[in-house]
Every structure is written in C-alpha cells, then in structure tokens.
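*Asks:* Please work out how this folds:
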Amino acid sequence: MNIVTLSGSPSASSRSASLLRWCEVQLAASARSIHSIALRELPATALLQADFAHPGLQDALQRVAQADVVLLSTPIYKAAYSGLLKVFLDLLPQDGLRGKQVLPLATGGSLAHLLALDYALRPVLHALGARQVLDAVFATDGQFQKHPDLGYVPDAEIVARLTRSLGPLLEAAAQRRAEPASVASC
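*Replies:* I've put the predicted structure just below:
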C-alpha cells in the first residue's frame, strides 16, 4: 500500500500529529511507502492562493493522487476541523479521494467536539469521492500523556480504537502477502 498522512495541525508538536505517528509505526511493515505531509510546512502563500504551479503543492497533491490510503489528522477548533486542512482539501480535484481508503483522526479539548468528524469533515471527504472511510478516531486532550521524546502518547483506550480502525488495512495487507505463497504452491 502507498500511504499518505496529512497533518492538519498548525503546531509542530501536537496531539493530532501524534495519532498519525502512532498509525505510521503500525502500518510501516505493511506499506510499500509512507509519506507524511505536515500541511503547516507547505508554502502558505501558494496554499492560500491555490498556486497549483508551485512545486511544493504539486508534490503534495501528486502524493495524495498516488496513494491507496490517506490518513488525515486534525485538531478540532470551534466545532470544525482546522482551516489548514480545509485549505488543502479544497485543492484536491473533485474525485481526489475516490478509490482510496481514508482514516480521519481528530483531537479536541472535550467530547463536545466529537461530532465535528461526522458533521464537518465526513461530508467533505464524501464530496471528494471517499467511499471507503474507516472508523474515525477522536481523542480528547486528556487521553494523552506528555512524553519527553515523543511529544504526546495516546492512552490505552485510544490505542485500542486506533488498532480497530487500522484493522481492515492490516488484514488486507496480510492477505496480499499470503496470496503469492498460495499461488506458488499450486
């Protein structure tokens, strides 16, 4: 699988980015490639002006186009996903997520923000052609421990939910690895 992760946090050290890092580690052995895109590192002027000729945007958009799996993570602000993520998603073509498995991840200060995934982000993903949306994972700030080297580490409940959400991807990868052995033994 070719995997692209999109971090929609404007902060370099964020809980939402830590969810992506955790997923990347779990998927590493099953992936052909994993490319992480921190949207805050894309050129701001090109991003805001939709400068499709900018090499940085071209690269990011091309990586999403070539991906089989897209994981996106965002903090929830004022009951919606980050503006940074919105600006990037607006640059994708109308069917930019068609045929891809998509896993939305989000963090927020309280459970009051939980529904932002279903009512704000999911309709945008659907409008971009995403039909294979895996079970979204939302975590509150209190479900992380600060770590001196890793930034933030999710608690056991969030790890269990992430593991369940990644299950279909890991199972499909295991089946693909087993198929050549079955064919060769025939």
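*Asks:* Could you check the pLDDT of Gln175?
*Replies:* With respect to pLDDT, Gln175 scores 86.
*Asks:* And the one 5 residues further on, by the same measure?
*Replies:* Turning to Pro180, the model gives it a pLDDT of 65.
*Asks:* can you give me the helices in this structure?
*Replies:* Per DSSP state H, the chain carries helices over the ranges 15-27, 44-48, 55-66, 83-91, 116, 122-127, 156-185.
*Asks:* what does the second one contact?
*Replies:* This means helix 44-48. 39, 51, 54, 56-57, 87-88, 91 (CB atoms under 8 Å, 6 or more residues apart in numbering). Yep, even glycine has a C-beta here, placed from its N, CA and C like the rest.
*Asks:* Closest one of those residues to Asp118?
*Replies:* Phe88 (20.2 Å; CB to CB).
*Asks:* mind checking how far Pro47 is from Ala17?
*Replies:* No Pro there; residue 47 is Leu. As for Leu47, its distance to Ala17 is 18 Å (criterion: CB to CB, to the nearest Å).
*Asks:* Which residue of the two possesses the greater neighbour count?
*Replies:* Each of Leu47 and Ala17 had its neighbours counted (other CB atoms under 10 Å), and the higher figure belongs to Ala17 (25 against 20).
*Asks:* if I look at Thr45, how far off is Asp51?
*Replies:* Remark: distance between Thr45 and Asp51 (CB to CB) = 7 Å.
*Asks:* for Leu114, what are its contacts?
*Replies:* 108, 138.
*Asks:* hmm, back to that, comparing Thr45 and Asp51, which residue is more hemmed in?
*Replies:* Asp51 (14 against 9).
*Asks:* about what we covered before: can you say which of the contacts of helix 44-48 are buried?
*Replies:* Neighbour-count burial (16 or more other CB atoms under 10 Å) applied to those gives 39, 54, 57, 87-88, 91.
*Asks:* could you dump those residues to TSV with distance to Pro148 and pLDDT?
*Replies:* Output for the buried ones among the contacts of helix 44-48, formatted as TSV (distance: CB to CB, whole Å; pLDDT from 0 to 100):
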residue	distance to Pro148	pLDDT
Leu39	26	97
His54	36	96
Leu57	35	96
Val87	33	96
Phe88	31	97
Leu91	36	97
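*Asks:* Many thanks, have a good one.
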